[in-house]
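Peer 1: Sequence and predicted structure below; questions after.
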Amino acid sequence: MRVAIVTFPGSNCDYDLYKCIQLIGGAPEFRWHRDVELGEVDVVMLPGGFSYGDYLRAGAIATMSPIMDAVKDFAKAGGPIVGVCNGFQILCESGLLPGALLRNRSLLFASRDVLLRVENTSSIFTQEYEAGQILRMPIAHAEGNYHADEETLHRLEGEGRVLFRYTDAEGKAVDSANPNGSARSIAGILNEAGNVMGMMPHPERAVEPILGSEDGLGLFTALLSRFSPLETA
Amino acid sequence: MTDRPDSTGVLTVPSVMPREGDPPITAELVEEHGLSPSEYDRVLEILGREPTFTELGVFSAMWSEHCGYKNSKRLLSLLPTTAPWVIQGPGENAGVIDIGDGLALAFKIESHNHPSAVEPYQGAATGVGGILRDVFTMGARPIAILDSLRFGDLDSGRVRYLFSGVVKGVGDYGNCVGIPNIGGEVFFDRGYEGNPIVNAMCLGLMKAEDLIKGEAEGVGNPLMVVGARTGRDGIHGATFASEELSEDSQARRPQVQVGDPFTEKLLLEASLELIKSGHITGIQDMGAAGITSSASEMAGRSGNGVEIDMELVPVREPGMTPYEILLSESQERMLVVAKSGSEKAVRDILAKWELEAEEIGRVTDDGLFRVREGDRVVAEIPSLPLTEGCPTYEREGIESEEIRELRCADLTRFNEVDDDQSETFLKLIASPNIASKRWLYGQYDTTVRTGTAVRPGGDAGVVRLRGTRRAVAATTDCNGRYVYLNPRSGTLAAVAEAARNLVCVGALPTAVTNNLNFGNPLKPHIYYQFRESVLAMAEACKLFETPVTGGNVSFYNETDGVAIYPTPVIGMVGVLEDVDHITRHAFQNEDDTIILLGDNTDELGASEYLYVMEGLVAGEPPSVDLLGERGLQHAVLAMIQDGLLNSAHDVSEGGLACALVESALGEGERRLGVQVTLRDALPVLPLLFGEAQGRVVVSCDPRSADEVLRHAKRHGVHGRAVGKVVPSDEGFRIDGRATSLEADIEILAELFFGAIPTLMDGAGPS
C-alpha cells in the first residue's frame, strides 16, 4: 500500500502518520503542498496540525494549495482519502466532506483520550472493527465541534455515514462524553461515495501499547488489507 | 531592500559617528539605560571615547541583568557543570548531554515572567517560542515541553485572567508547532499575586555528531538573518526584564514580543534542514536583545569580529533606526553564519519554507562588533568586552528579620488538635496546589509526535526514543514557600524532589537546567536568598551527580517593592535504559501491597495544610537528608529495574494522605480504594499532612513485598508495608494510632478533578 501524506506548512502530524504507515507495513511518501501531482499512490492522507497557522479558519487556506486539485481528482476517481484532525477540517473546507468544524463548546483547546463507538463497519476504513466496538484514542484540537444543517445530519445518519461517535465506556453517546459539542456526538464521517473519511480523534496516536492504546490500528490495517503491503515504490 | 555591492577587498572603515537626531549622551540617559555610573565608566574605558546613542543601547542590553548576569555570575560559577556525559555545558543556547545509542539530548529552561505579568497570553507564548529556538539552534529536534508556573490565589479575578491567559499562551504555541507538553507544575500562593512565574523548558533530540554551536567561525563568512522580519516589538525587553514591576509596568505592554507559532514551525523545519545541509557554520536564536546579542555573542564565542549593516536587515516597517533594529526582540528570527558561497543555498532552503534569508554582514578578524547604516558606522565595540566584560558583583546578603521570625514561629499548638481530620482532608484535596491540574494540561497537546509514554499528571513526563529501548524523563520542581522560609533547605528539597520524581517513573537522574526566579538582588535579604539557594543547589547537584548544563536567572520579580517567594526551579532530565521500566504514580491492581519508603516525621512547617487551613506561611520547612535521599532513590530505581513495582509516587504537598489519594485516583478513569494503617507515634497533622521529605509510596504484588523491603534495607531505607489497594467501593481509609480518616472515592474524585475547573468556571481565556 502506497500512501501519500500531504504536508502543508504547519502540518505537525505528518511524521506520526508516516511512522504509523511504516509500522503496519505500508509504504508512506510525503507530498509537499506545492506539488501538483500525487503520483502512483493507493491512499491519500491529510495529517493533523495547524496548516497555515489556522489563520482565517482552520483548514481554510490549505484548500488553496496546489496539491488540492490532485487530491480532489483522486477523490473523484474513487481513491481512498483519510483526513485526521486538521486533515478533516481541510476536507470539510474543500467540500470533499459535508459540514464544518466549529470552535469547541468550551472555547478551549481539548487534549485528552476519548472513547469512540464504531457506528458503521461496512466502510473500507472501518471494516476491521466490530459494530459498537469502543475505541480509545487521543483528541487534540480547538476546532472539532462538528456542525451541519439538520438535513445533512439526517442524511449522514440515514446513509450510515457517521463512522464514529463520542461515547462513555458503556457506549452511550451522553453529553458528558462529547468533548467539543459536536452535533449528535459525531467524531468521524464518510462522504457519499464511501471513499473519503474525516475524523477529529487521532488513530495514528493509538497504534502501540506504549502510547496507551492500539485501537487506531484497525483503521490502517483495514486499508492495508485492500492493497498489497509490499507494493512499494 | 536594495542590494549593496559586496564590500570585500580592502576596506577603509570610517570612524563611528552619531546619527542625526540622536539624543546627546547625558547622565540621565545613561541612567535610563540601566547603567550605573561605574558601569558607564567601564564603557568609556572600553571604547576610549563617549558612546553613540546606538552604542549606549547596545551596552544597556548586553549589560542588563538578563543578558549580562552581572549579579549572578560569580555565584553561578560554583555550580557543578561537568560530567563524562555532558557534551555542552552552560554558555550555549542549550545544554547537551550524551544519552547513549549515539543520541544526545539538548535541553534548557527559560523564564518569561515580566512579559507574562503584563500580557499573559503573548508573554507565555513567546516564552515557549524562545525556548524551542534555543533547543533547535543546537541542531536538536524539540521532542517535549514542560511549563513551570506560579500564580497568586485563584480567588482573585486578575489571577484567573493571568492563569488562563498564560495557559492558553503556552498551549497555543506548543500545540501549533506540534511539540507535546509532558509535564511541569503549577503552584498558587499569594506570594506570587502581582508577579507570576512563567518558566518553560524544552527537550530536543539529536545525533551527537549533529551538534552545532552559536559561533561566528570563518573570517569572511556571511552573516544572514533568517525567518521573520524585524519590527518595533520588544525593544528593550531585556532591560524591562531587569526591572521591578510596578503600576507603570502596564505601560510596558508594547515591550512585550508577539509570537507567531506558525512561522516558528517553518523556522524549525528550515533551521534543522540548514544545519543538516552543511551550508552553515553557526546559528543562534535572536532572543533577548535581538540582533545585538546574537551577533556579538557569536563573535565573542569564536574570538572573531562581525560587521553588520542595519540597512540590509529586512524590516516590517520603514523608518526604523539602527538603535531600534539592533534592540528589537521580534520573534521567530535566527542569525546564521553561512559558509562563503553558500548564500544562495541558504536562501533556497528558507524559501522552500516560505521564509526569508538576507545577508546582513560578515565575520571579520578584528574582534570588533561593528554596526553600519550603509556607509556610516554607528557602533564599533570590541566583542569580547561587550559580551564578557559586563562588571559582575557579589552583593551583601543578610537574612530578613521578618522571614526569620516566620520560620521560627511556634507551631506546637498544632500538635493538640481534634483527631478527626476528615473535613480538613477534603479541603486539602480541593486545594488547587493538590487537586488535579487537568484543566491546565487538558489544553496542551500531550500526544503529538507519538512518543509520549507518560503524560502530564504523573511524577515526571516520559518520552520514548524511537528505534531504541530507551526513554527520557523530565520534571520541574520547586516549592517556593520552602525556599522563602529557608533558602538552603528549600533548594535542597527542590533538587531532591526533582530527582525523586524522575526515579519514580524509572529514570536515572542525569542533568539539570535551572531557572532562578528571585527579587531585586540589590536588596540584601534577596541576595541572601539567592546566595544560600545557589550554594545549596551546588551541593545537592554534586551529590546526585546531576550537573547543571545551563539555565536562566530572572531577578527583579517584585511588584511595588514586594518580592515573590524565591523560586529556583529545577528542571531535571533522566534516562530510562528500557521502556519496560516505565512506572506510573497510580495504583494498578486491587490487593496490591502498599509500601511506604522513608520516614514520617513531626514536621508541619511551610506545609499546604498551614496555608489552606490557617492562612499561614510559617515554620521550618521539612529538612532534607541528602545522603538518605540518595539511598532512597537508588532503592526505588533498583526495585523498578528488577520489575518489582506496580506504582511509585513521591510524597510532596499535602503529605502522605494526599499522596495516597493521588495514587488511588490516577487520571480518574480507573479509581481504586486504599486501606492503610500507620503505627507511627506522631501527632495527627504531621502524620497525615506533614511534608517530610524523602518519602515514596510504592505498590507491588503481595508476593513481591518481601523482596521490595529487602531492597529498601540493603539501601539503608526504612520501608514497611502500610496497607493494600482495595476496590473503589471499599473507599479510602487511613488508620493511625489516634486518628482515622475515611472518605468515599467518588467524593474524593469529584473534589480532586473538579476543584480547578470550578474555580475557573466562566473564567476561560477571552
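Peer 2: Structure received.
Peer 1: Could you list the residues in contact with stretch B:415-431?
Peer 2: B:434-435, B:602, B:608-609, B:611-613, B:654, B:657-658, B:661, B:683-686, B:688-689, B:738-743, B:747-748, B:751-752, B:754-755 (C-beta atoms under 8 Å, 6 or more residues apart in numbering or on different chains). In short, each C-beta sits where N, CA and C put it, glycine included.
Peer 1: Chain A against chain B: which residues are in contact?
Peer 2: Proximity of chain A to chain B, by C-beta under 8 Å from any C-beta of the partner chain, involves residues A:9-10, A:12-13, A:15-16, A:19-20, A:48-50, A:52-55, A:106-112, A:138, A:140, A:142, A:202, A:204-205, A:207-208, A:210-211.
Peer 1: Restricted to helices, list the residues you listed.
Peer 2: A:15-16, A:19-20 (DSSP state H).
Peer 1: out of the residues you listed, who's nearest A:D35?
Peer 2: Nearest to A:D35 among these: A:Y15, at 17.6 Å, using C-beta to C-beta.
Peer 1: B:T476 is in what secondary structure piece?
Peer 2: Following DSSP states H and E, the helix or strand that holds B:T476 is strand B:471-477.
Peer 1: strands paired with that strand, and their directions?
Peer 2: The pairing partners recorded for strand B:471-477 under DSSP bridges are strand B:461-464 (antiparallel), strand B:567-576 (antiparallel).
Peer 1: Give me the buried subset of the residues of chain A next to chain B.
Peer 2: Buried by 16 or more other C-beta atoms under 10 Å in any protein chain shown: A:9-10, A:12-13, A:15-16, A:19-20, A:48-50, A:52-54, A:106, A:108-112, A:138, A:140, A:142, A:202, A:204-205, A:207-208, A:210-211, out of the residues of chain A next to chain B.
Peer 1: residue in the stretch 601-750 of chain B nearest to chain A?
Peer 2: Proximity of the stretch 601-750 of chain B to chain A (C-beta to the nearest C-beta) peaks at B:E669, 8.2 Å away.
Peer 1: Contact partners for B:Q588?
Peer 2: Taking C-beta under 8 Å, 6+ apart, we find B:Q588 in contact with B:646-647, B:699, B:725.
Peer 1: Just the pLDDT for it.
Peer 2: Per-residue confidence (pLDDT) for B:Q588: 97.
Peer 1: Now do the SS call for it.
Peer 2: coil (DSSP: H, G, I helix; E, B strand; the rest coil).
Peer 1: tell me the mean pLDDT for stretch B:693-705?
Peer 2: 98.
Peer 1: That stretch spans what distance, first to last residue?
Peer 2: One end of stretch B:693-705 sits 23 Å from the other (C-alpha to C-alpha, to the nearest Å).
Peer 1: Phi first, then psi, for A:M199.
Peer 2: In terms of degrees, to the nearest 10, the main-chain angles of A:M199 are phi -150, psi 150.
Peer 1: meant to ask about A:A27
Peer 2: phi -120, psi 100.
Peer 1: For chain B, which residues score under the pLDDT cut-off?
Peer 2: Scanning chain B for pLDDT under 70 picks out B:1-13, B:237-242, B:245-255, B:762-766.
Peer 1: swap the cut-off to 80 and go again
Peer 2: B:1-14, B:233-258, B:762-766 (pLDDT under 80).
Peer 1: which ones are touching the most centrally placed residue in it?
Peer 2: In chain B, the centroid-proximal residue (C-alpha atoms, centre = their mean) is B:I109; its distance is 3.5 Å. B:I109 is in contact with B:131, B:146, B:148, B:199-201, B:476, B:513-515, B:551-552, B:569, B:571, counting by C-beta under 8 Å, 6+ apart.
Peer 1: quick one: it and B:M201, what's the gap?
Peer 2: 4 Å (C-beta to C-beta, to the nearest Å).
Peer 1: Mutual contacts of these two, please.
Peer 2: B:131, B:146, B:148, B:476, B:513, B:515, B:571.
Peer 1: now the strands for the stretch 251-400 of chain B?
Peer 2: All strands of the stretch 251-400 of chain B, identified by DSSP state E, counting those that start in this stretch, fall at B:280-285, B:305-309, B:333-338, B:356-364, B:368-373, B:376-382.
Peer 1: what's the angle from the shortest one to strand B:376-382?
Peer 2: Which is strand B:305-309. If you take axes from the mean of the first three to the mean of the last three C-alpha atoms, to 10 degrees, strand B:305-309 sits at 160 degrees to strand B:376-382.
Peer 1: which neighbours does strand B:305-309 have in its sheet, and in what orientation?
Peer 2: Applying DSSP bridges, strand B:305-309 is found paired with strand B:356-364 (antiparallel), strand B:368-373 (parallel).
Peer 1: Name the surrounding residues that touch it.
Peer 2: Contacts of strand B:305-309 (C-beta under 8 Å, 6+ apart): B:4, B:216, B:223, B:291, B:295-296, B:298-299, B:360-374, B:383.
Peer 1: repeat that with 6 Å
Peer 2: Strand B:305-309 is contacted by residues B:216, B:223, B:295, B:299, B:360-364, B:366-368, B:370-372, B:383 when judged by C-beta atoms under 6 Å, 6 or more residues apart in numbering or on different chains.
Peer 1: Please report the distance of B:V167 from B:D602.
Peer 2: Separation of B:V167 from B:D602 (C-beta to C-beta): 37 Å.
Peer 1: ok, the two, which is more surrounded?
Peer 2: B:V167 (30 against 17; other C-beta atoms under 10 Å in any protein chain shown).
Peer 1: Is the residue of the stretch 601-750 of chain B closest to chain A located within a helix, as I assumed?
Peer 2: No. Read with three-state DSSP, B:E669 is coil and lies in no helix.
Peer 1: can I assume B:E653 is in contact with B:K437?
Peer 2: No. Between B:E653 and B:K437 there is no contact under C-beta atoms under 6 Å: 12.0 Å.
Peer 1: Looking at the strands paired with strand B:471-477, which one is packed in the most?
Peer 2: strand B:567-576 (a mean of 28; mean count of other C-beta atoms under 10 Å in any protein chain shown).
Peer 1: give me every residue that touches the residue of the stretch 51-200 of chain B at minimum distance from chain A.
Peer 2: Going by C-beta to the nearest C-beta, chain A is nearest to B:G178 of the stretch 51-200 of chain B, at 2.5 Å. The neighbourhood of B:G178, defined by C-beta under 6 Å, 6+ apart, consists of A:12, B:448.
Peer 1: What about it? Give its phi and psi, please.
Peer 2: Dihedral angles (degrees, to the nearest 10) for B:G178: phi 90, psi 40.
Peer 1: picking up where we left off before, how far away is the residue nearest to the centre of chain B from B:Q443?
Peer 2: B:I109 is 20 Å from B:Q443, where distance means C-beta to C-beta.
Peer 1: same question, A:M1
Peer 2: Distance, A:M1 to B:Q443, by C-beta to C-beta: 36 Å.
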